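Visitor: Sharing a sequence plus its predicted fold:
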Amino acid sequence: MEPEPIDAVAALVSASGIAGRRLRELIRALTLAPATLEDLVRDHAVPRRTVEALLRAAGPDLREDHGRVMLEPSIRESYGERFDLAGLDTVPEVGGLGALIAGAPRPDQALDHVSATEETARRRARWLAETYDLAGARLVCVGDHDLTSLAARQALPDTEIVVVDVDERLLAYIDGQGAGIACYHADLRFGLPPALVGTADVIFTDPPYTPEGVQLFLGRGAQALRDRTNGRLVMAYGFSPLTPALGLKVQRAVLDLDLAIEAMLPGFNRYHGAQAVGSASDLYVCRPTPHTWQILDRRLDKLAGSANIYTHGEQSLEGAAARGPARILGGGPLKADELTVDLAGDPGPWMARVLLALNVPRVTLLAANNHPDLRDEAAQAALRELVGAKWDLRLRRSTPGPRQATVEAVLRPAEGVAGRLLTHVHGKIGNVLRDALMRADPGLTRAAAQDRAAELVGRPEYLDARLIDLPRHVILRLLRS
């Protein structure tokens, strides 16, 4: 049985993914006035073959007169409702960003962050809403110190929005706005949270402006795409007109991932700072090619672990090479009787994440004396609260030298629900928590334990995530509960 014409057209629109908006605009044109095939191709920038396929699908619903086609009057309303044609011109206003940006944590200079302006965040959100069909889609912000996610939440109320970032303060701030945005922690040098792989329809990123930084952030973004044909990677990047050679190196890094640069909008972004590039950057729209997936993992392996990707500060290309725990944070559980981990170059979160990741009997961590988890009594108490159900800690500042600190950790028996969670941080939280609850209460049924786990975790998407990939404040909230 042949499908109804409107259903056949809907299948074409659906197959276009987030790029289906242009087809919806073409359908709207067919409800307004007769048009030739040439008109439709030119006016909507849609390939002739695609336009022909849509016209064939619409078939009996079209009226043709002297080479011009238009939808029959009797079915125009049905098409309008089915494809939400009225919604093409409706983008919710984005407001209140000034207060949100003012209240956000200050940019981390060690990570070379520079904040975009309020108008830039608003412009990004509106551009996404006006360019793609994102109702029911997933937008993943790979790094989000500019709070593009909060602006997009207003412009795209029906879009699932996710943020992955290395800055714990930023993740806590975004989560604290109650905008329904899922937050994940990751140092992208060590990998993308597995729960995000193959889940996104569009990626937005404003990466470090080095070839390595751009390639790493785009590469992790590509790993997050689920629609390998229609998915898009949207990136902010700028270079000084005085150094076009650097711009060329970065563009080559993009092409080295076999990503096609589909569009570039000059001067789209503005910043508080970044004066070396004129306090501005362009907006690049990239899309994967079939070869992207063949070479992606190899390219990212070259950048993983110790690669420095920033332009200034301790994490910069000019700084000393980071000797971070790539094997620990970039892989699964590690087995050893005793381990010493050098945290030189730790931008802040590595210490806690290493203690979460390891289950060896004894661990010695070598860190800077002013490490964020060690610098005062409050910081040390917070670290103990996070991992105290797993480790007995001895914190020795100014040891072995005035600028160094040593953390000695002895593994405790895994007792209680919290202990089991902390010793199984690489498993899916929903499964680990369910089993821990059943161990703690043998009378609890599997179904009741699953319900209780979902209640404790709160966000349904976190049930399939690993504990080690959640923001620190979310882990603490779960442990306290």
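Guide: Noted; the coordinates are in hand. Residues are numbered from 1 along each chain as shown.

Visitor: Make sure I have this right: Asp373 is in a strand.
Guide: No. Inclusion of Asp373 in a strand is not indicated when DSSP: H, G, I helix; E, B strand; the rest coil is applied; the result is coil.

Visitor: Which stretches in the stretch 351-481 of the chain count as strands?
Guide: Using DSSP state E, counting those that start in this stretch, the strands assigned to the stretch 351-481 of the chain run over residues 362-368, 391-397, 404-411.

Visitor: ok, now the stretch 1-150 of the chain?
Guide: According to DSSP E, counting those that start in this stretch, the stretch 1-150 of the chain carries its strands in the segments 62-65, 68-71, 138-142.

Visitor: Could you list every helix and strand that the second one packs against?
Guide: Contact here means 3 or more CB pairs under 8 Å, 6 or more residues apart in numbering; DSSP states H and E; on that basis strand 68-71 packs against helix 21-32, strand 62-65. (C-beta placed from N, C-alpha, C; glycine too.)

Visitor: Adjacent strands (with direction) for the last one?
Guide: Sheet neighbours of strand 62-65, with direction, are listed as strand 68-71 (antiparallel) (DSSP bridges).

Visitor: that older thread, mean pLDDT, distance to Phe268 and mean neighbour count added to the strands of the stretch 351-481 of the chain, as JSON lines?
Guide: As requested, the strands of the stretch 351-481 of the chain are arranged in JSON lines below (pLDDT from 0 to 100; distance: least, CB to CB, whole Å; neighbours: other CB atoms under 10 Å):
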{"stretch": "strand 362-368", "mean pLDDT": "94", "distance to Phe268": "38", "mean neighbour count": "19"}
{"stretch": "strand 391-397", "mean pLDDT": "96", "distance to Phe268": "46", "mean neighbour count": "16"}
{"stretch": "strand 404-411", "mean pLDDT": "96", "distance to Phe268": "44", "mean neighbour count": "18"}
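
Visitor: any chance of those strands in TSV, with distance to Val354 too?
Guide: Listed next are the strands of the stretch 351-481 of the chain as TSV, based on distance: least, CB to CB, whole Å:
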stretch	distance to Val354
strand 362-368	7
strand 391-397	11
strand 404-411	9
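
Visitor: Go through those and name the closest to Ala155.
Guide: Distance to Ala155, taken as CB to CB, is lowest for strand 362-368 among these, at 41.1 Å.

Visitor: and for the closest one, what are the contacting residues?
Guide: 337-344, 346, 351, 354-355, 374, 391, 403-411 (CB atoms under 8 Å, 6 or more residues apart in numbering).

Visitor: and Ala263, what does it touch?
Guide: With contacts taken as CB under 8 Å, 6+ apart, Ala263 has the following neighbours: Leu283, Tyr284, Val285.

Visitor: Among these, name the ones in strands.
Guide: If you go by DSSP state E, those have Leu283, Tyr284, Val285 in strands.

Visitor: To what extent is the nearest residue to the first one once chain neighbours are set aside buried, counted in neighbours?
Guide: Nearest in space to Leu283, with sequence neighbours left out and distances taken as CB to CB, 6 or more residues apart in numbering, is Phe268 at 3.8 Å. Neighbour count of Phe268, defined by other CB atoms under 10 Å: 17.

Visitor: Kindly confirm my reading that Phe268 is in a strand.
Guide: Yes. Read with three-state DSSP, Phe268 is one of the residues of a strand.

Visitor: in terms of contact, does it touch Ser281 like I think?
Guide: Yes. Under the criterion of CB atoms under 8 Å, Phe268 is in contact with Ser281, at a separation of 7.2 Å.

Visitor: Please enumerate the shared neighbours of these two.
Guide: Between them, Phe268 and Ser281 share the contacting residues Ala236, judged by CB under 8 Å, 6+ apart.

Visitor: Break the chain down into its domains, please.
Guide: The record's domain parsing of the chain by automatic domain parsing lists 5-89, 97-303, 326-411, 416-480.

Visitor: Out of the strands of the stretch 1-150 of the chain, which is closest to Val46?
Guide: Smallest distance to Val46 across the strands of the stretch 1-150 of the chain (CB to CB): 14.4 Å, for strand 68-71.

Visitor: Work out the gap between the closest one and the centre of the chain.
Guide: Relative to the chain's own centre, strand 68-71 is displaced by 42 Å; criterion: CA atoms, centre = their mean, to the nearest Å.

Visitor: what do you get for stretch 20-32?
Guide: When distances are taken as CA atoms, centre = their mean, stretch 20-32 is centred 31 Å away from the chain's centroid.

Visitor: In the ones in strands among the contacts of Ala263, which residue is surrounded by the most others?
Guide: Within the ones in strands among the contacts of Ala263, most neighbours by other CB under 10 Å means Tyr284, with 24 neighbours.

Visitor: So that one is in contact with Tyr237, correct?
Guide: Yes. Tyr284 sits in contact with Tyr237 when judged by CB under 8 Å, with a separation of 5.8 Å.

Visitor: quick one on the thing from earlier: who touches the residue nearest to Leu283 in this structure?
Guide: By CB under 8 Å, 6+ apart, the contact set of Phe268 is Thr120, Arg123, Arg124, Trp127, Ala236, Ser281, Asp282, Leu283.

Visitor: Now, the residues you listed that are in helices?
Guide: Thr120, Arg123, Arg124, Trp127 (DSSP state H).

Visitor: What is the burial count for the closest residue to the third one other than its chain neighbours?
Guide: Residue nearest to Arg124 in three dimensions, not counting chain neighbours: Thr148, with 5.1 Å by CB to CB, 6+ apart. Here the count is done by other CB under 10 Å, and Thr148 has 27 residues near it.
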